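K.L.:
got a sequence here, can you model it:
(3 chains)
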Amino acid sequence: MLKSKLKGMSRELAVLAALILLIIVFSILDPVYLTPGNMVDIIKQGTINGILAIGITFAIISGGIDLSIGCTFAIVIVAVGQLTVVGVPPLVAIVLGGILGAIMGSINGILITKMNLQPFIATLGTMSVYRGLAYVFTGGWPVLGIPDNYRHVFTTKLFGDVPNSILVLFAIAIVTHIVLSKTRFGNYLYAVGGNEEAAKLSGVNVDKTKIIGYSICGACAAFAGMIMLANLGTGEPASGEGYELDAIAAAAVGGTRMAGGKGTILGTMLGALLLAALKIGMIVIGVQSFWQFVVTGIIIVIAAYFETIQDKLSAMIYKKQEKAAAAAEK
Amino acid sequence: MKKLLALVLAAVMVLSFAACGGNDAAQTPSTDAPASDAAPADDAAPADDAAPAEDEAPADDGEFNPDNEAGIMIEDVRAQFGPVPKPADGTTLGAVAKQFQNEYWRTLKEGYEEAQAKAAEAGVNITIDVQAAQDENDEQGQLAIVNNMINKQYSALMLSPISDGNLVPGVESALEKNIPCVNVNDGLIKNAPNFVGPKAIQNGELAAEWISNKLGGEGEVAVVIGMPKAFAARQRTEGFKSWMAENAPGITVVAEQNADWDRNKAKELADTWIKNFPDLKAIFCNNDGMALGVVEAVEASGKDILVVGVDGIGEAYDSIRAGKLDATIDSFPFYKAQIATECTLRLMAGQELPRVIWTPQALIDSTNVDTPAAEIINWVPTEYAE
Amino acid sequence: MKNAVEFKNISKNFPGVRVLNNVNFAIQEGEVHALLGENGAGKSTLLNILHGLYTDYEGDVYLNGEKVHFKNPYDAIVNGKISKVHQETNVVKDLTVGQNITLGYEPKKGCFVDYKNLNDTVNNILQRLNCRFKAEDSAAFLSAGEMQMVAIAKALFHNSNVISLDEPTASLTTKETDALFKIIRELKANGMTVIYVSHRLEEIFQICDRATILRDGECITTLEIDKTDRDELIRNMVGRNVNAVASRMQESRVQEETVLEVKHLTRNKVFYDINFELKKGEILGFAGLVGSGRTDVMRTIFGADKKSSGHIYMGGKHVHIRNTQDALRHGIGLLPEERKTQGFIRYTTNTDNIALSCLEKFLKMGMVSNDMKLKNCEHFMKELNINPKIPDFQTQNMSGGNQQKVILAKWLSTNANILIFDEPTKGVDVAAKAEIYRLMEDIVASGKSVIVISSELPEIMGISDRIIVMCEGRKTAELLPDEFSEETILNYAMGGKKDAEIQA
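P.N.:
Below is the predicted model of the structure:
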């Protein structure tokens, strides 16, 4: 039973192995790398991308994509920033921010299902709309003077150098993992992404499933934004540009299938941590920024290649099982 | 599974190779004499390297780098040419900025509006139409704005291009129609006859000098670069490093990385540096946004590290007042726009100004943060001839 | 007579399994040679070796007396003059018919494609094949039968001497099948060699000269078709006697109670004014040509497509089925025709595929319980004899018959009491077919009702209590068992005309 469970997680194990190898290699290149501080930093710097990547994993599993998360992120930053500045209690502001993100995500979902738009195009459109609105609301000026009581919600140190935001990351990861693997919605999401027509013909409410998936994606973007707002103490409408690509990269490295139907939160988390470990490692050993692009790109391509050979491998394993089973039958 | 492992190993090997290779590349500039590898401009006109600014203007076929030109300040212009000749009634000037998402450019816009208002007060009726591209990637859109202004037969254009090349065709066609073009700083148009702006390399030098004084000429420092493609980012970094190399041998630049003008990226970069360079004493950032992110990292670490930014945005001033940010280099876009307008009107009147007009910039720290900008740069409003 | 193809001691291993074991036989030039065997017997592997898809095998392949070893399928087509028409034909819908046929080998004029030459050449071939479409036509609107013709035309374009047809009639109508057979006979008359793979034995008797039977990777025998019979073929294929002909083993279970009544159901431009009743315990057959609207009627009843007008009554009550969730709630289940694209979820295990439609049954404290899903899966694997009996197995990697059983298990897990089977035995081997018929009988025996769509007349006549025939979107007949005959059904399926066309 355990063996079969582990086999089901071979992709996650591979990412974990790569992460550990990466840490070993960097530690050999520069022993300074292997300090507790750096290890905590990997998670800290993986937090925002990690939460965004968890969100986009939902969109990708459903067979779509959400390019607008970086902009949802920005709107939530300025909106929640404004709320806290006018004195709304932090926890209320956080709840409202989460709801705002979910609403913006559900708008994407409605465009995709009810208006039957391609997810890429629909979210490309809302990406521009949301970014524009963030500028319109603020006139382009950053929201300044975020009160400390809000910032402390995420930045207070639990112990050592570990801030609350890491706790939020893990809480979101655990909740989304349960949602994806243990709820009817989660089962339906994989079904819709794996084969939309078959899911429909099995009596699954495809539209509802997708809209919920995109709402979760938006809510995750909102939480990532609220953490960044706390970290920086300023809400810039320009923030989050290009973050959607980092999130997609983390999901892809973590084994989420871009065509939908496959992916896990654990994989995505490991993917985000791998990218953060890589980035910090390159900074520590002083790799020039130009090379960082090259190396990150190579890692993503290798991850994609991984996916294809893994498919071949699993197909082979299955064939073998089938023959063995057929033989046993006789 | 074996195949998988083999691949992982291969990936890590590629990575470590790239890491080692990259390492060398990164080390070279910080240990060598720094002036040599900056902008390609330097390679094209090596003669100017030794003593920039004091020399004659370079030959026409060389790449244009205003920092190497013999520019003069606006005070010298006024002394030499007297008050501004009154332009014809209803003169319309076009001003094109990069984008308005950034406070710097919005302030520049306010400066143009101030110039128009001040002219009106002096009884001079001019209109300044200020526009900007949608965002910093909208190179074609910016060119379209310029072409539209040419078609509307504006009297002159003041242009701040997104990249070194995107407005070149616009300037070509404007000059064909005898519309004067002035390149207002940040981003270069090599075929524009005049450039108005601060000496970019100088603001790196100002920051370096200030940090060196504060540290007593010794310690480890680091630089957060903006986008490597941006002229300003290259020159600021260059000015900082070369000043240190020449004047403060006790100071070493231990790290430099780009953070794409992104506040959060700069903060994360600083987080990592602070952990890995325990003796880090100061961080110079190519703009204020990044500097404010770095300030958050420094505060969180509880260490005493100097942070200096560039631009002088309002938030940076507030941060200096609050004792967080240590200094910023303000290049006063509000006044820069007025200087640009004045110079443009002079050119339209046929005055032969030098190619480069320097605009003032100054280091702002806790000592002068509340001093009005006009006082710091001794600003005198434009005077119009009767 | 010369041997066109000869297999000598061919063996092939997949990791851990020997799929072909020392296969020896020859195919003569100019004959139509059937390759028979259950799914997994090794037919596809053998064809893949012949056509250069698998390059790693033991033994030798001879083509016209010469030993060959193709590097890839293109090598086989271009140098070996040997082509394969795939089970699922690959046609690029965005290209024209001519572009599809010449793909990769377009005639050129300078560096441009010479379209005039291309279309002339292709139209010549299409004329030979009696095709109604032209090289210039878009491939997007081809029917399944026409796509088959495109694939054959492609083989002719490459001057192939040997053509393999893998289940060519699986998605063809009777008329299209007849047309295909006519062409096969013509090809044969021109000296071409045809290798024919099909599960439909009646076709083998119509078109083939000899048949080689594979079982579990071994060559069992080669038989002359006119000296053998159906039973002998089946006996050799399965190694045991199976009653593969669809016929009822149990008595009829039809009861008085009407469970479903459809009145004036219309979906504009697709089908019109469909009326019928379904009794409790009944197996109701829907016959008709491909494209007659049978599938559309069922999809509409199931809520997958929108109706334009009409009413549906269940147990005497008027019901509104607006989407598939409504259908599920009212106890209707659909086993779609295209299993791969509509039947099950990719990358998903049997456990999850079976549980998909009734997850609410597996909730434990609001969470979906994997244990309960697993138990349900194991129960049905035993009950329906799904092989391999591995719950973690991904459904996409199973054989057609077992995939069908997984989908059936999904509906049996729900409370559905009306099950609609759309072409349930398409691409399913003989033994699995018989099993599916038995399962349908078990379902009605338990008081549920079944609607079955099938294009195989012996199957639908053998299994149904009543048959409704459709033609061009309209119901043309409702037949009781004593009226069942292939001629009658075909007559109504083709619009009730009684001219010579039917006999041809």
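K.L.:
for residue C:311, which non-adjacent residue is closest in space?
P.N.:
Residue nearest to residue C:311 in three dimensions, not counting chain neighbours: residue C:263, with 4.8 Å by C-beta to C-beta, 6 or more residues apart in numbering or on different chains. For every residue, glycine as well, the C-beta is placed using N, CA and C.
K.L.:
do the same with residue B:90
P.N.:
Using C-beta to C-beta, 6+ apart, the nearest residue to residue B:90 is residue B:125, at 6.2 Å.
K.L.:
from residue A:55, how far off is the one you found?
P.N.:
55 Å (C-beta to C-beta, to the nearest Å).
K.L.:
more neighbours: which of the two?
P.N.:
Between residue B:125 and residue A:55, counting by other C-beta atoms under 10 Å in any protein chain shown, residue A:55 is the more crowded of the two (34 against 14).
K.L.:
okay, the more buried one: pLDDT?
P.N.:
For residue A:55, the pLDDT comes out at 97.
K.L.:
same for the helix or strand harbouring it, what does it pack against?
P.N.:
Assigned by DSSP states H and E, residue A:55 falls within helix A:36-61. Judged by 3 or more C-beta pairs under 8 Å, 6 or more residues apart in numbering or on different chains; DSSP states H and E, helix A:36-61 is in contact with helix A:69-85, helix A:164-182, helix A:184-194, helix A:206-232, helix A:243-253, helix A:265-284, helix B:263-276.
K.L.:
mind listing what's buried in it?
P.N.:
Residues of helix A:36-61 classed as buried: A:37-38, A:40-61 (neighbour count, 16 or more other C-beta atoms under 10 Å in any protein chain shown).
K.L.:
just the pLDDT at residue B:23, thanks.
P.N.:
Listed pLDDT for residue B:23 reads 40.
K.L.:
show me what contacts the closest residue to residue A:268 other than its chain neighbours?
P.N.:
In space, and not counting its chain neighbours, residue A:268 is closest to residue A:254: 4.1 Å by C-beta to C-beta, 6+ apart. Counting by C-beta atoms under 8 Å, 6 or more residues apart in numbering or on different chains, residue A:254 touches A:11-12, A:15, A:53, A:57, A:263-264, A:266-272, A:274.
K.L.:
residue A:254 and chain C: what is the separation?
P.N.:
Distance, residue A:254 to chain C, by C-beta to the nearest C-beta, to the nearest Å: 15 Å.
K.L.:
and for residue B:378?
P.N.:
According to C-beta to the nearest C-beta, residue B:378 stands 70 Å off from chain C.
K.L.:
name the element that residue belongs to?
P.N.:
Going by DSSP H and E, residue B:378 is not part of any helix or strand.
K.L.:
just to revisit the earlier point, just put the helices and strands packed on helix A:36-61 in TSV and tack on mean pLDDT.
P.N.:
Converted to TSV, these look like this (pLDDT from 0 to 100):
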stretch	mean pLDDT
helix A:69-85	95
helix A:164-182	95
helix A:184-194	94
helix A:206-232	96
helix A:243-253	93
helix A:265-284	91
helix B:263-276	92
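K.L.:
dump these to JSON lines, plus mean neighbour count and distance to residue B:174.
P.N.:
Converted to JSON lines, those look like this (neighbours: other C-beta atoms under 10 Å in any protein chain shown; distance: least, C-beta to C-beta, whole Å):
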{"stretch": "helix A:69-85", "mean neighbour count": "27", "distance to residue B:174": "36"}
{"stretch": "helix A:164-182", "mean neighbour count": "18", "distance to residue B:174": "52"}
{"stretch": "helix A:184-194", "mean neighbour count": "25", "distance to residue B:174": "54"}
{"stretch": "helix A:206-232", "mean neighbour count": "27", "distance to residue B:174": "41"}
{"stretch": "helix A:243-253", "mean neighbour count": "25", "distance to residue B:174": "37"}
{"stretch": "helix A:265-284", "mean neighbour count": "26", "distance to residue B:174": "44"}
{"stretch": "helix B:263-276", "mean neighbour count": "25", "distance to residue B:174": "37"}
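K.L.:
residue B:328: which of those is closest?
P.N.:
Comparison of these against residue B:328 by C-beta to C-beta identifies helix B:263-276 as nearest, at 14.2 Å.
K.L.:
name the helices or strands packed onto the closest one?
P.N.:
Checked by 3+ C-beta pairs under 8 Å, 6+ apart, helix B:263-276 has helix A:36-61, helix A:206-232, helix A:265-284, strand B:219-225, strand B:280-285, helix B:288-301 packed alongside it.
K.L.:
so for residue C:352, which of those sits nearest?
P.N.:
If we rank the helices and strands packed on helix B:263-276 by C-beta to C-beta, the stretch that ends up nearest is helix A:36-61, at 13.5 Å.
K.L.:
about what we covered before: host element of the residue nearest to residue C:311?
P.N.:
strand C:258-267.
K.L.:
after that strand, which helix or strand is next?
P.N.:
Once the chain leaves strand C:258-267, the next helix or strand it forms, by DSSP H and E, is strand C:271-279.
K.L.:
now do that next one: which elements does it pack against?
P.N.:
strand C:258-267, helix C:294-301, strand C:449-453, strand C:466-471, strand C:474-479.
K.L.:
can you list these in TSV and add mean pLDDT and mean neighbour count?
P.N.:
Listed next are the helices and strands packed on strand C:271-279 as TSV, based on pLDDT from 0 to 100; neighbours: other C-beta atoms under 10 Å in any protein chain shown:
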stretch	mean pLDDT	mean neighbour count
strand C:258-267	95	18
helix C:294-301	95	24
strand C:449-453	96	26
strand C:466-471	93	24
strand C:474-479	92	18
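K.L.:
show me where chain B has its helices.
P.N.:
For chain B, the helices defined by DSSP state H cover B:2-31, B:40-44, B:74-81, B:103-121, B:139-151, B:168-176, B:200-215, B:231-247, B:263-276, B:288-301, B:314-321, B:333-348, B:373-376.
K.L.:
quick check: buried residues in the shortest one?
P.N.:
The one in question is helix B:373-376. In helix B:373-376, counting by 16+ other C-beta under 10 Å, buried: B:373, B:376.
K.L.:
that one: how far from the chain's middle?
P.N.:
Centroid separation for helix B:373-376 versus its chain: 20 Å, with C-alpha atoms, centre = their mean, to the nearest Å.
K.L.:
who are the packing partners of it?
P.N.:
helix B:333-348.
K.L.:
cutoff 10 Å now
P.N.:
Helix B:373-376 sits against helix B:333-348, strand B:362-365, with contacts defined as 3 or more C-beta pairs under 10 Å, 6 or more residues apart in numbering or on different chains; DSSP states H and E.
K.L.:
surely residue C:190 touches residue C:30?
P.N.:
Yes. Using C-beta atoms under 10 Å, residue C:190 makes contact with residue C:30 at a distance of 8.6 Å.
K.L.:
more neighbours: which of those two?
P.N.:
The neighbour count for residue C:190 versus residue C:30, taken as other C-beta under 10 Å, is higher for residue C:30 (18 against 11).
K.L.:
now that one, nearest residue through space, not along the chain?
P.N.:
Using C-beta to C-beta, 6+ apart, the closest residue to residue C:30 is residue C:191 (5.0 Å).
K.L.:
how far away is the one you found from residue C:47?
P.N.:
Separation of residue C:191 from residue C:47 (C-beta to C-beta): 21 Å.
K.L.:
likewise residue B:236?
P.N.:
Distance, residue B:236 to residue C:47, using C-beta to C-beta: 69 Å.
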